[in-house]
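Novice: Following is a predicted model, sequence given first.
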Amino acid sequence: RPGRDPRPRVIPRTAAEEQRLRLERLMRNPEKTVPIPEKLNEWAPRPPPEFVRDVMGSSAGAGSGEFHVYRHLRRREYQRQDFMDAMAEKQRLDEEFQKKLERNKMIAEEQTAKRRRKRQKLKEKKLQAKKNKLEQKKQEK
């Protein structure tokens, strides 16, 4: 057929081979725009229900279906609490990292300033030595 691709169909055996085939397909037409997927939003649990109706839990007198409702609510709540704990931990680690970056930056700036002062001192010393040498030559003449 005129519209068909003459290349034989290759079944990739490894992930690297699959990636290579995808890149080759993209590079056949370099003018074509490449779809870049946007970052997916992080998963967040549903908020807790405003009102829970007649949940008897696992106590005696509950109907056969009530326990399952209770179990699902409990599981969802635990999941929500775990999510909140994980987010707090992530935030704490991010803050620690930012503090560490600031500390490292300050240390680096102090080192730079110290070295700059040292270079400046040497430069002034050389200049002073040069002036002294010129003055000695003038005095000799």
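Specialist: Received it, and whenever you're ready, just let me know what you need. Note that the structure is a prediction, hence the values are computed from the model and not measured.
Novice: quick one: the helices in this structure?
Specialist: 15-28, 66-140 (DSSP state H).
Novice: would you list those helices in TSV and tack on mean neighbour count and mean pLDDT?
Specialist: For glycine as for every other residue, the C-beta is placed from the backbone atoms N, C-alpha and C. TSV is the format used below for these (neighbours: other C-beta atoms under 10 Å; pLDDT from 0 to 100):
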stretch	mean neighbour count	mean pLDDT
helix 15-28	11	91
helix 66-140	11	93
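Novice: Nearest to residue 41, out of the ones you listed?
Specialist: helix 66-140 (13.6 Å; C-beta to C-beta).
Novice: now that closest one, how far from the chain's geometric center?
Specialist: For helix 66-140, the separation from the chain centroid amounts to 17 Å (computed by C-alpha atoms, centre = their mean, to the nearest Å).
Novice: Please shift the residue numbers so they start at 36 in all later answers.
Specialist: In the new count, where the first residue is 36, that last one comes out as helix 101-175.
Novice: And it, what does it pack against?
Specialist: Helices and strands touching helix 101-175, as assessed by 3 or more C-beta pairs under 8 Å, 6 or more residues apart in numbering; DSSP states H and E, are absent.
Novice: So what's the residue count around residue 44?
Specialist: 5 (other C-beta atoms under 10 Å).
Novice: burial of residue 83, as a residue count?
Specialist: 11.
Novice: swap in residue 85?
Specialist: Residues within reach of residue 85, counting by other C-beta under 10 Å, total 5.
Novice: What separation do you get for it and residue 106?
Specialist: Per C-beta to C-beta, to the nearest Å, residue 85 is found 20 Å from residue 106.
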